[in-house]
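Peer 1: model this:
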Amino acid sequence: MYLYHFGLRELPFTLTPNTSFFLGLEPHHEALAVLTTALRTGEGFIKVIGEVGTGKTLLCRKLLNEIPEHFITAYIPNPFLSPDELRRAVASELGVKQAQRMSVSLLTQRIQSRLMELHAQGHSVVLILDEAQALPSESLEALRLFTNLETETRKLLQVVMFAQPELDQRLNENNFRQLRQRITFSYQLRAMNVTEVQRYIHHRLQIAGYKGASLFNDKLCQKIAKATGGVPRLVNILCHKMLMLAYGQGQFQIDTWHLKTAVNDTDDTQLLNINYRMIAASTGLVVLALSAYYLWGISA
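Peer 2: The predicted structure is shown next:
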């Protein structure tokens with residue numbers, strides 16, 4: 001709704017993991033380096049852990065887009081699957097025909113045959129799971145058994161897990177010690193610091209087509225970093241609401257009032273060391289959003 005107002009080609013702060021907005025900040029650059037190095041070794045499990053909203057799915061899609069051509073990927077975005085469902089999902093991703101109709105034993109044989117076939121063709125196969133903390137316990141064990149498929153020199157299947165910290169808590173249980181010992185590479189994805197938040201905001205505006213004077217000054221970026229803890233998803237939410245508020249008021253500069261109002265409307269954010277009263281409903285985000293919607297309708 002505020003694209004024309006700020007001279008943007010597209011919304012800069014959407015929650016959809018769009019790799020065109022990817023910025024090689026230190027945590028994401030390091031994570032990609034770990035993933036690339038680990039995949040080249042050809043062994044075991046690889047794990048990337050990050051809190052909610054720190055960019056795991058974006059990193060996952062970046063990996064899928066840039067993985068070398070000799071890798072064949074099986075991507076499972078929602079791994080809340082039983083062991084049987086997981087096997088069939090992997091088989092389908094690998095191109096095993098009629099995977100949904102086979103018995104478990106025959107399916108396992110076909111998966112192994114397919115992996116051997118791809119290996120003979122010079123391919124490496126990688127199973128990538130997003131939100132891996134959702135895997136049921138039985139499926140985690142089935143995942144471990146997948147990596148038993150190997151030649152004398154190389155694993156036929158590598159596994160990359162993107163997950164929230166809850167996965168580490170589960171893997172610390174004694175019954176998962178075999179799986180835990182097979183994780184050869186692990187990376188903890190951290191939130192952004194103040195400098196990175198500033199770069200992140202300006203980068204996304206630039207990619208979205210903004211060419212004017214700075215909308216978010218340095219002090220405001222510092223406050224956004226404090227309010228969000230440097231979590232990219234929360235930064236996106238606040239910045240989107242602040243732009244919407246400024247548009248509703250017909251303003252071209254974002255200020256602390258817009259930030260306070262956006263924080264008041266957003267869970268999991270807070271303004272540290274800033275005293276402010278709750279914004280009255282009559283001047284709150286909802287009313288301004290409606291005003292913006294009205295203005296947009298008039299100009300459309």
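Peer 1: gap between the residue nearest the centre of the chain and residue 252?
Peer 2: Residue closest to the average C-alpha location in the chain (Cα atoms, centre = their mean): residue 57, at 2.3 Å. Counting by Cβ to Cβ, to the nearest Å, the separation of residue 57 from residue 252 is 33 Å. In short, each C-beta sits where N, CA and C put it, glycine included.
Peer 1: ok, back up a step: for the residue nearest to the centre of the chain, phi and psi?
Peer 2: Backbone dihedrals for residue 57, given as degrees, to the nearest 10, come out at phi -70, psi -40.
Peer 1: and what of residue 147?
Peer 2: Torsion angles, degrees, to the nearest 10, at residue 147: phi -80, psi 0.
Peer 1: my guess is it contacts residue 160, does it?
Peer 2: No: using Cβ atoms under 8 Å, residue 147 makes no contact with residue 160, being 11.8 Å away.
Peer 1: and the helix or strand hosting residue 248, what does it pack onto?
Peer 2: Using DSSP states H and E, residue 248 sits within helix 232-249. The contact analysis (3 or more Cβ pairs under 8 Å, 6 or more residues apart in numbering; DSSP states H and E) places helix 232-249 against helix 3-6, helix 194-207, helix 218-228, helix 256-264, helix 285-299.
Peer 1: any idea of the mean pLDDT in the longest one?
Peer 2: Spelled out, it's helix 285-299. Mean pLDDT, helix 285-299: 46.
Peer 1: How about the helix holding residue 248, which residues are buried there?
Peer 2: Of the residues in helix 232-249, 232-248 count as buried by neighbour count, 16 or more other Cβ atoms under 10 Å.
Peer 1: excluding its backbone neighbours, what's nearest the residue nearest to the centre of the chain?
Peer 2: Spatial nearest neighbour of residue 57, chain neighbours left out: residue 17 (4.5 Å); criterion: Cβ to Cβ, 6 or more residues apart in numbering.
Peer 1: okay, residue 212: pLDDT?
Peer 2: Residue 212 is assigned 86 on the pLDDT scale.
Peer 1: Can you give me the neighbour number for it?
Peer 2: 11 (other Cβ atoms under 10 Å).
Peer 1: Is it in contact with residue 8, as I believe?
Peer 2: No: contact between residue 212 and residue 8 fails when scored by Cβ under 8 Å: they sit 9.9 Å apart.
Peer 1: quick one on the thing from earlier: could you pull up the residues touching the residue nearest to the centre of the chain?
Peer 2: Counting by Cβ atoms under 8 Å, 6 or more residues apart in numbering, residue 57 touches 17, 130, 162.
Peer 1: Show me those residues that map onto strands.
Peer 2: Under the assignment DSSP state E, those contribute residue 162 to strands.
Peer 1: Who wins on neighbours among the contacts of residue 57?
Peer 2: residue 162 (27 neighbours).
Peer 1: Which residue ranges make up the domains of this structure?
Peer 2: The chain breaks down by automatic domain parsing into domains covering 3-10+192-299, 26-189.
Peer 1: mean pLDDT lowest for which of those domains?
Peer 2: Checking each of those, the one with the poorest mean pLDDT is domain 3-10+192-299, at a mean of 81.
Peer 1: Show me how far that one is from its chain's centre.
Peer 2: 21 Å (Cα atoms, centre = their mean, to the nearest Å).
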